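[1] here you go, sequence then predicted model.
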Amino acid sequence: MGPIENEQGCAVRKGAPPFRFESLKKRSDFKAASVGFRFSTPGFTLLRKPGVGDDGIVRYGLTVTRKVGNAVIRNRIRRRLRAAIRALAQRHEGPAMDIVVLARASLLTLPFSSIEADLARAVAALGARPAAGPARKPS
RNA sequence: CCAGUCGGCCGGGCGGCCGCUGCCCGUUUGCGGGUGGAGGAAAGUCCGGGCUCCAUGGAGAAACGGUGGCGGCUAACGGCCGCCGGGGGCGACCCCAGGGAAAGUGCCACAGAAAACAGACCGCCGGGGCGUGCUCCGGCAAGGGUGAAAAGGUGCGGCAAGAGCGCACCGCGUUGCCGGCAACGGCAAUGGCAGGGCAAACCCCGCCGGGAGCAAGACCGAAUAGGGGCAGCGCGCGACGGGCAACCGUCGCAGGGGUCUCCGCCCCGGCUGCCCGGGUUGGUUGCACGAGAUCCGUCGCGAGGCGGAUCCCAGAGGAAUGGCCGCCACGUCGGCGCCUUCGGGCGCAGGCCAUACAGAACCCGGCUUACAGGCCGACUGGACCU
């Protein structure tokens, strides 16, 4: 893969090193993402935190609620998601941003290849939206 | 070989690609290399400890909570081991909240005459009466019936009929002797039977218990705003309130600033320096050498004790210990062939699934619950062969 312009024509990164992927750790980040754009797939819902991310870094958070299953199931889902995100990071070119993955129970049995494909699709779709996030009524 | 009882153990393996994390080494500070990295229940959070903080002069009592055969083990326990008693099983073995009902209170539905100072429905026996199968009086509690339970059970004698009324055996109480550390057991004598059940109803008795928890606790600690103390300099007037005072608060006028001037509006009324306390995010620690693991010896029936040697064996923090793929084992399904005690077993090729329960969060000892499949050992009952 070569450094190219992405479809939106923003953030051209010729010859830049690959994106670094870090995990979100603060509760406030998760809450901020909950008001951003969403993209749903059979296995999960992807949220994008409003705002321009730090250059060259995509931060991701995983939300796997107790409703999904017990600790063993939740951990396995987290591991599969991390593995898929890591694979995606190798070829990510889109804008820097913060995302949160809301997991569903089907992630346990869904084929790994389809999780990867859905994740790439969802990240591309959210990367194309304006960074400021959706217009919301001021509360 | 079949059926069963008890105890212990395992609970995937190999390879490839790509990753996470603790420690060590190197380093061009990007990273590279080496090495370690979930469980028997890590679970439920039900007990017991260590550790930490708080409270506490010592001892005791009350209250509350827990616990309950006896002896031992243990740091401790509601745990474990051994034994005793009761119950179940042909047996190996299993089950028991197993102190006290002659301290008191309470409850015992339905049925039944009567459910606890006993009593008499049907009955049985004797006597009186008359209308001769009913009634009255008295005796009895064996039989019937009710019930979970009705003042021991069986048999013989006895009697008007009966009854521990008498006797034998069994059960029970008391006393004595013997065995045992003890729970308790054995034997003998004796009493003719004392006494309903429920204490997982209150209660009584013995024993144990201060509270909260690693988000315990300790250390480091910015920036901004705000709080307190001290020192120096400064400190317009008036009114009101508080105060011994220093001083503080409110209001008005004057002053300064936004804004060069006026008006209006808003803001400020101390400044500087040093110190203190509190404290959000964060970092370090507690936090991985311990009632530690493995092996050996020794004492003990055993739980376990003692001694020696060797070893270091997870430390995350939106939470690492893995993701994907291939092969194999195990399992399972039907097919074919052979054997068979007709339950099944073995062999061959093939299809399917790709493992159950479940993820450390300060650490240990237990308990309880969950668990696909499999292995080992000891023992019991039975069948067959020699």
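    Good, I have the coordinates.

[2] any buried residues in the helix or strand hosting A:Arg80, and which?
    If you go by DSSP states H and E, A:Arg80 is part of helix A:71-89. Buried residues in helix A:71-89, defined by neighbour count with 16 or more other CB atoms under 10 Å: A:74, A:77-78, A:80-81, A:84-85, A:88. In short, each C-beta sits where N, CA and C put it, glycine included.

[3] can you give me the end-to-end span of stretch A:64-74?
    This stretch, stretch A:64-74, spans 6 Å end to end (CA to CA, to the nearest Å).

[4] pLDDT on that stretch, on average?
    Looking at stretch A:64-74 alone, the average pLDDT works out to 76.

[5] on that earlier part again, switch the buried residues of helix A:71-89 over to a markdown table; also include distance to A:Ala103.
    A markdown table is the format used below for the buried residues of helix A:71-89 (distance: CB to CB, whole Å):
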| residue | distance to A:Ala103 |
| --- | --- |
| A:Arg74 | 8 |
| A:Ile77 | 5 |
| A:Arg78 | 8 |
| A:Arg80 | 9 |
| A:Leu81 | 7 |
| A:Ala84 | 11 |
| A:Ile85 | 12 |
| A:Leu88 | 16 |
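
[6] what is the helix or strand of chain A with the lowest mean pLDDT packed up against?
    In chain A, the helix or strand scored least confidently by mean pLDDT, DSSP states H and E is strand A:20-23, which has a mean of 70. On a contact count with 3 or more CB pairs under 8 Å, 6 or more residues apart in numbering; DSSP states H and E, strand A:20-23 meets strand A:57-63, helix A:71-89.

[7] much appreciated, bye for now.
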